[in-house]
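Visitor: I need the structure of the sequence given here:
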Amino acid sequence: MRNGRYWLETLGCPKNEVDSDKLAGLLESEGYVRSPSPTAADLVVVNTCAFIEPARQESIDAVLTLADVRRPGARLVVTGCMAERYGAQLAAALPEVDLVAGFGRRLVPVEDAPTDGPTGTPTGAPTGGPAPLAEVPAAPVELGARRGTRRAGEGAGAPARARHGPPAAPSATLESFDLLSLPRRAPSSPWAYVKVAEGCDRRCGFCAIPSFRGAQRSRPHDEVLEEVCALVSDETMPVREVVLVAQDLASYGRDRTGGRGGSGGGARPSPLVRLVGSVAELAPRTRLVYLYPSGLTDELVDAVLATGVPYFDLSLQHVSRPLLARMRRWGDGDRFYDRIAAIRRAEPRATFRSSFILGYPGETEEDHCALLEFLEAAQLDWAGFFTFSREEGTFAERLGSQVPAELALDRLRECAEVQDAITARRRDDLVGEVREVLVDAPGRGRTVHEAPEIDGTVRLPASLPVGSLTDVVLTASLGVDLVGEPLGDGSLAGVPAGVAPYFAAPAGSQR
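Guide: A predicted model of the protein is given here:
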């Protein structure tokens, strides 16, 4: 019998992190245990990203690296967005891989799962019913097409064949599952992403995600709360911060309500506002990421502020109205700036993050200058910049006026230089402030101003317990990171003179 050790490598966005947690939970329910390294694993899984070309290259590099280091006899499985989007093409291009499995497809043959007794029944396997599958093939997907469809003149392609096992079984007999609703493994940190919806109904000009993730499919309110309850009540590592994620989070639940949901005047709260309020009753911190700007209604702003985590992750992408129209997106710089300014008037501590695309087809110098001016005016705390990636099957693929890659990269560097200086100033402004930190790991924590994994952190004494919520004074700024000292018993030993007065301030007080 196999030892049943698995290694799961995750590429891409927080939504992939959630998928990996669900896959890990499934594997562990079948008796697998997490391996300390990929070299010791019996099963090596790569959860890939396919959003843009650099992400795909990173995924391929990870697959090839793990193929080189896995031990003899270990199975290598590729899943996630690349597996779903490219399917058989990916399997043909990577003979090193034993299996390419799209969303909701088993990663291992049932009979290969660790057994829990002399009968040889796989741990967690159902008793009775059809016989276990011998193998699970790649999802029948072609580049740029939805699952189950293909363009005229193209074949579905042959499924991947395992190099260390039997040929793939016919896809008609596939055992499948819904990743969105699977139980997840126990938390390993005091914060957790919770995916509340899959897919997207928008058709942004640059994005191929709806072609392989499908239309938006929101989870029921109570199902999300059940998952949150399990996370926050875990005895080993109770989750203190829940981060709600979806491809289009602001549209959560509208596919289930037919777009109904109020915004005041006695109307029923929108599904997301209702969910945010319910989650905030269970978790000390509730954070939202990936908000489409037109979905940031007054009631949603109020709901976010009521959580005590005034963090707004807005998917702006650009500020030029003509260019945004070519992107098939809503808004412009003036609307975005006015919304940000209004939120800051309501909550001066509000934190803003966004992302922007440089070099989208038709982007002019005037458009670029407008973005630079917006960055200076808006003073966002955090921003990410990406050059346009031409994706097959998208609206932008057919657009003329392509921007040379070198020019797009120059524009990105210029924006990043401006934003880096702004971020540094915003971090400096926090020095001397008292904030509550969540201790994520020994010596590291975050205030409400930092989302996990993508923003800076707060450096803390290693003695603070992981998972604790502790008031600290922020004593220094080190690039994107801050340094925090616990208020403790009020001792001022070792505290810089200019910061010492804040140790006498009540927790949560402002400068």
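
Visitor: could you give the mean pLDDT of the helix or strand hosting residue 353?
Guide: Element membership for residue 353 (DSSP states H and E) is strand 351-358. Mean pLDDT, strand 351-358: 97.

Visitor: relative orientation of the helix or strand following it and strand 351-358 in degrees?
Guide: Going down the chain from strand 351-358, the next helix or strand is helix 365-378, by DSSP H and E. Using axes from the mean of the first three to the mean of the last three Cα atoms, to 10 degrees, the direction of helix 365-378 lies 170 degrees away from that of strand 351-358.

Visitor: residues in contact with the strand holding residue 353?
Guide: Residues outside strand 351-358 that contact it (Cβ atoms under 8 Å, 6 or more residues apart in numbering): 206, 310-318, 327, 340, 343, 368, 371, 378, 380-388, 408-409, 411-412, 415, 448-449, 451, 454-455. C-betas here are computed from N, CA, C, even on glycine.

Visitor: Can you give me the separation between residue 77 and residue 93?
Guide: 15 Å (Cβ to Cβ, to the nearest Å).

Visitor: can you check residue 54 too?
Guide: 18 Å.

Visitor: One more: residue 347?
Guide: 50 Å.

Visitor: Likewise for residue 280?
Guide: Using Cβ to Cβ, we find residue 280 at a distance of 46 Å from residue 93.

Visitor: can you check residue 237 too?
Guide: From residue 237 to residue 93 the distance is 39 Å (Cβ to Cβ).

Visitor: can you check residue 43 too?
Guide: Residue 43 is 21 Å from residue 93, by Cβ to Cβ.

Visitor: who's more crowded, those two?
Guide: Shown here are residue 43 and residue 93; by other Cβ atoms under 10 Å, residue 43 has more neighbours (24 against 12).

Visitor: The more buried one - nearest residue in space that isn't next to it in sequence?
Guide: The shortest distance from residue 43 to any non-neighbouring residue, by Cβ to Cβ, 6 or more residues apart in numbering, is to residue 6 (4.3 Å).

Visitor: State whether that neighbour is indeed within a strand.
Guide: Yes. With DSSP: H, G, I helix; E, B strand; the rest coil as the criterion, residue 6 is located in a strand.

Visitor: so who does it touch?
Guide: Here residue 6 is in contact with 24, 27, 32, 33, 34, 35, 41, 42, 43, 44, 45 (Cβ under 8 Å, 6+ apart).

Visitor: low-scoring stretches of the stretch 51-200 of the chain, by residue?
Guide: 51, 103-179 (pLDDT under 70).

Visitor: related to what we said a few turns ago, pLDDT at the residue nearest to residue 43, what is it?
Guide: 86.

Visitor: how near is it to residue 44?
Guide: 8 Å.

Visitor: cool, and residue 23?
Guide: From residue 23 to residue 44 the distance is 13 Å (Cβ to Cβ).

Visitor: Let me see the ranges of the helices in the stretch 401-511 of the chain.
Guide: For the stretch 401-511 of the chain, applying DSSP state H, counting those that start in this stretch gives helices covering 405-428.

Visitor: shaky segments in it?
Guide: The stretch 401-511 of the chain contains residues with pLDDT under 70 at 488-511.

Visitor: so where do the strands sit in it?
Guide: Taking DSSP state E, counting those that start in this stretch, the strands of the stretch 401-511 of the chain run over residues 434-441, 444-446, 458-459, 469-478, 481-486.

Visitor: most packed of the ones you listed?
Guide: Between these, strand 444-446 has the highest mean count of neighbours, a mean of 23, where neighbours are mean count of other Cβ atoms under 10 Å.

Visitor: Name the residues that touch stretch 371-380?
Guide: With Cβ under 8 Å, 6+ apart, stretch 371-380 has contacts from 318-320, 333, 336-337, 340, 352-354, 356, 383, 414-415, 418-419, 422-423, 425-426.

Visitor: Enumerate the positions of that stretch that are buried.
Guide: Residues of stretch 371-380 classed as buried: 371, 372, 374, 375, 378, 380 (neighbour count, 16 or more other Cβ atoms under 10 Å).

Visitor: which of those lies closest to residue 187?
Guide: Taking Cβ to Cβ as the measure, residue 187 sits nearest to residue 380 out of those, at 30.1 Å.

Visitor: Just confirm residue 402 contacts residue 387, I think it does.
Guide: No. Contact criterion Cβ atoms under 8 Å: residue 402 and residue 387 do not qualify, at 11.8 Å.

Visitor: neighbour count winner among those two?
Guide: Comparing residue 402 with residue 387 by other Cβ under 10 Å, the one with more neighbours is residue 387, at 20 against 15.

Visitor: Would you agree the more buried one is in contact with residue 407?
Guide: No. Applying Cβ under 8 Å as the test, residue 387 and residue 407 come out as separate, 9.6 Å apart.

Visitor: Which neighbours do those two have in common?
Guide: Counting by Cβ under 8 Å, 6+ apart, the residues touching both residue 387 and residue 407 are residue 359.

Visitor: still on that earlier bit, I'd like to know which of the contacts of strand 351-358 are buried.
Guide: 206, 310-318, 327, 340, 343, 368, 371, 378, 380-383, 385-388, 408, 411-412, 415, 448-449, 451, 455.

Visitor: what comes up buried for the strand or helix carrying residue 28?
Guide: Here residue 28, judged by DSSP H and E, is contained in helix 14-29. For helix 14-29, the neighbour count (16+ other Cβ under 10 Å) marks 14-24, 26-29 as buried.
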